[in-house]
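[1] Sequence and predicted model, in that order:
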Amino acid sequence: MSTLAPSDLSLIEPALDAYADIPGSLITILQETQEAYGYLPMDVMEHIAERTHTPIATIVGVATFYAQFRLEPVGKHLIMLCQGTACHVNGSELISAAITDELGIEDGQTTKDGMFSLKHVACLGCCSLSPVMMINGRTYGSLTPDKARKILRELAAGDAEEDEAK
Amino acid sequence: MRIIIGEGSCGLAAGAGSVHASLEELFAKNESTDVELGITGCIGMCFLEPIVDVYEDDGTLHRLVKVQAKDAQTICDAVTSGDLSLLDKLAISQDDELFLSKQTRVALRDCGVIDPESIDDYLAHGGYQAITKVLTTGMSQEDVIEQIDIAGLRGRGGAGFSTAFKWRAARDAKADETGQKYLICNADEGDPGAFMDRAVIEGDPHSLIEGMLIGAYSIGASEAIVYVRAEYPLAITRLRKAIEDATARGYLGENICGSDFSCTLRIKAGAGAFVCGEETALIESLEGKRGMPRLKPPFPAQAGYWLKPSNINNVETYANVAWIINNGGAAFAAMGTKDSKGTKVFALSGKIARGGLVEVPMGTTLREVIFGIGGGIRDNKEFKAVQLGGPSGGCVPASKLDTVIDYNELAATGAIMGSGGMVVMDESTCMVSMARFFLDFTAKESCGKCVHCRLGTKRMLEILDRIVAGKGEPGDIEKLEDLCYAIKDGALCGLGQTAPNPVLTTIRYFRDELEAHIDEHRCPAGECRELISYSIDKTKCVGCTACARQCPAGAISGERRSPHEIDPQLCIKCGNCKTACRFGAVQVA
């Protein structure tokens, strides 16, 4: 972590002002932290420990317990691939293999260019559209390996266009 | 004329948002037409989303299905010209209508009917009448609980504990000097393959609030909390609005309905941990800690949230409460079986023809739900099993399809009622791989507190991993059984105690499939990648090259119009060729 530039601690101040003194608010504070930074930087967690008078071990303990929290930054496009029962039955494993083949990343990894991260998630609750993945808040349903590849290529192409426009 | 668009998460994922935007744009240009555009929550027919309901002024409904943005023009033309026969090509088929007409809706009574973002719509449908009745006609706490008792309402989260019993225990528990008691709603729907609670909150959030208020009054709580999964952003948004509206109208806050009963309600977003569905783990999480279960007793009714008396029920349980107060406990108890009263909501998915939300009276057979309502298996395949209760439940085979929906009857099959996940499987689903899937889930979600659950599930997963990879050994089934019973006996909470169920039901009903994997290194369903190989039947192949073009590994070769061949060394067993072939020439063995 020491190689990273220090985080801007002011981003988390509003949440700390609101919740630091309310018992039982640690999860809420961490959710706000992730909202602000995209993940939970270690130096921010240390700052939260200080402000809430909580041992840092407790904070990291909570941060690592829940699936929602990330300790590392994610790529520009976060692919959340549903691993629910209906998706499993309808072939989510093939979709996962196609994404891995297309991008060269597995569950929990980010592409070297920082464009895509892949995360397997528990049920997204769109079981009748299974298999399903969610990217940047948008749900893509009734996937086939081919359709999944196409969606990723379109996203990447969109980024290239954006870059050119700049 | 009113046009209502189904905008639950499923509908939106299928494109309801762009349909809405297109309609809005078109009608904005046609100001002369008197049309009211509105939204509703999940109608329950996920297989037909996006769904648009067009109501004529006399109330006649035209239900349009699988509507796309490009269909907006047709709808607009029909409505502006008055020629509604133009809508016929989008209309729901009579067959598909059976999906809803065969259901009995109590918990979902207003889901897909009312606008979830309008408290006025809820009030117009009889909303908040039950809490008004309780508070203004002098019903005592016991009067309310007695109705719940007569109704025979049992917890819909899975365990099926008597709701009246829990409420009495929380009411009778002695509070400390602060007098504080809490009423909590478990909306941490973590079961993969279940979305009943999400649909209720997205579709009818006020019914949850009203049920919770009645519960809070009955136990003497002045603070209520809903613990919702963070993966349900739309549910959180709609519930937040409902709380604001209910507070503004005096249904939440001080002196509700002019009585001396006061209660606030707030939302706490979970952070993703299946074990938090267990009530004491949920309480730990509410307190901002790692969600690890507590030892019971003391039960939450005695020492729950911040060690104060607390009552926890699940969303569907609360969603039934206002109906029971309005219609009487006896009306609820008139539905169902001796031990299981009322109705149950299921999320029907998997290889089913018509998937979605189904609410049926207890006592209905599984066959009726899957074949009568769900339309059976899609693509003319054979029914193999139905999974109930997710990672805590089990697979019920075809021979048990006439089992009725009842807590005890379902438990006798080795599965459980569960919270309502109902995933249907066909002949192409490998039951061993299914058992491995659930064990993988529970092993990852085990909180780690007890050795039996933490290590036991891991050891079981290792054995199952070997079996699906074709490296099973004689005695594996017995080893699995030993571990199952040890974990059941040794685990502290429901997660561990029920984790072996998917494996036990697989051993019980699909032992032959397990043995085929272990003894013959063969996957009868043709699913386990390590155990199957793809080949092309030369008598059926016409050389259309469709498979070769879809093969990501370049493993298929052959001249156009002559039979193709798969190189097993290059084949990655992705199945693309089988999907691509229109002649049934690709074989899996």
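    Done, it's in. Everything numeric in this text was worked out from a predicted model, so none of it was measured. Numbers count the residues shown, from 1 in each chain, chains lettered A, B, ... in the order given.
[2] And what about residue B:312, helix, strand or coil?
    Classification of residue B:312 by DSSP: H, G, I helix; E, B strand; the rest coil places it in strand.
[3] Count residues in the vicinity of it, would you?
    Neighbour count for residue B:312, taken as other C-beta atoms under 10 Å in any protein chain shown: 26. C-beta coordinates here come from the backbone N, C-alpha and C atoms, glycine included.
[4] what do you get for the one 5 residues further on?
    Burial of residue B:317, expressed as a neighbour count using other C-beta under 10 Å, amounts to 24.
[5] Could I get the contacting residues of it?
    Applying C-beta atoms under 8 Å, 6 or more residues apart in numbering or on different chains, we find residue B:317 in contact with B:153, B:155, B:156, B:157, B:163, B:211.
[6] Please name the nearest non-neighbouring residue to it.
    Nearest residue to residue B:317, sequence neighbours excluded (C-beta to C-beta, 6 or more residues apart in numbering or on different chains): residue B:156, at 4.6 Å.
[7] from the contacts of residue B:317, which is closest to chain A?
    residue B:157 (15.7 Å; C-beta to the nearest C-beta).
[8] Roughly how far does the closest one sit from residue B:101?
    According to C-beta to C-beta, to the nearest Å, residue B:157 and residue B:101 sit 28 Å apart.
[9] Show me what stretch B:98-112 is in contact with.
    Stretch B:98-112 is contacted from outside by B:6, B:8, B:40-45, B:122, B:125, B:127, B:156, B:199-200, B:203-204, B:207, B:316, B:319-320, B:323, B:332, B:335, B:342-343, B:345, B:354, B:356-361, B:368, B:372-375, using C-beta under 8 Å, 6+ apart.
[10] re earlier: which of the contacts of residue B:317 are buried?
    B:153, B:155, B:156, B:157, B:163, B:211 (16 or more other C-beta atoms under 10 Å in any protein chain shown).
[11] For those residues, point out the one with the lowest pLDDT.
    The member of the buried ones among the contacts of residue B:317 with the lowest pLDDT is residue B:157, and it reads 90.
[12] dump the residue contacts of the nearest residue to that one once chain neighbours are set aside.
    For residue B:157, ignoring the flanking residues on the chain, the nearest one in space by C-beta to C-beta, 6+ apart is residue B:314 at 3.4 Å. By C-beta under 8 Å, 6+ apart, the contact list for residue B:314 reads B:155, B:156, B:157, B:158, B:185, B:186, B:187, B:197, B:419.
[13] Check residue A:90 too.
    By C-beta under 8 Å, 6+ apart, residue A:90 lies in contact with A:130, A:131, B:350, B:351.
[14] could you dump these to CSV with distance to residue A:56, pLDDT and neighbour count?
    Listed next are the contacts of residue A:90 as CSV, based on distance: C-beta to C-beta, whole Å; pLDDT from 0 to 100; neighbours: other C-beta atoms under 10 Å in any protein chain shown:
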residue, distance to residue A:56, pLDDT, neighbour count
A:130, 40, 88, 27
A:131, 39, 93, 29
B:350, 44, 92, 29
B:351, 48, 94, 24
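[15] Give me the subset of those residues lying in strands.
    Assignment to strands by DSSP state E places the following of these there: residue B:350.
[16] Find the pair from the contacts of residue A:90 with maximum spatial separation.
    A:131 and B:351 (12.6 Å; C-beta to C-beta).
[17] For residue B:262, give its distance to residue B:139.
    Distance, residue B:262 to residue B:139, using C-beta to C-beta: 17 Å.
[18] which ones are touching the nearest residue to residue A:91 once chain neighbours are set aside?
    Among residues not flanking residue A:91 along the chain, residue A:131 sits closest, at 5.7 Å (C-beta to C-beta, 6+ apart). For residue A:131, the contacting residues are A:82, A:87, A:90, A:91, A:92, A:95, A:141, A:142, A:143, by C-beta under 8 Å, 6+ apart.
[19] And the buried ones among those residues, selectable in PyMOL?
    Filtering the contacts of residue A:131 down to the buried ones (16+ other C-beta under 10 Å) takes a single PyMOL command:
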select buried, chain A and resi 82+87+90+91+92+95+141+143
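[20] Any chance of TSV for the buried ones among the contacts of residue B:317, columns secondary structure?
    TSV is the format used below for those (three-state DSSP):
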residue	secondary structure
B:153	coil
B:155	coil
B:156	coil
B:157	coil
B:163	helix
B:211	helix
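[21] Name the nearest of those residues relative to residue B:573.
    Of the buried ones among the contacts of residue B:317, the one sitting nearest to residue B:573 (C-beta to C-beta) turns out to be residue B:157, at 39.1 Å.
[22] I'd like the distance between residue B:92 and chain A.
    16 Å (C-beta to the nearest C-beta, to the nearest Å).
[23] Could you report the neighbour count for that residue?
    Residues near residue B:92, counting by other C-beta under 10 Å, number 19.
[24] Correct me if wrong: it contacts residue B:63.
    Yes. Here residue B:92 reaches residue B:63: they are 4.5 Å apart, a contact under C-beta atoms under 8 Å.
[25] for the residue lying closest to residue B:484 once chain neighbours are set aside, what are its contacts?
    Leaving out its chain neighbours, the residue that sits closest to residue B:484 by C-beta to C-beta, 6+ apart is residue B:500, at 3.5 Å. Applying C-beta under 8 Å, 6+ apart to residue B:500 gives the contacts B:460, B:483, B:484, B:485, B:487, B:488.
[26] just residue A:135 next, same as before
    Contact analysis of residue A:135 by C-beta under 8 Å, 6+ apart lists A:77, A:78, A:79, A:80, A:151, A:155.
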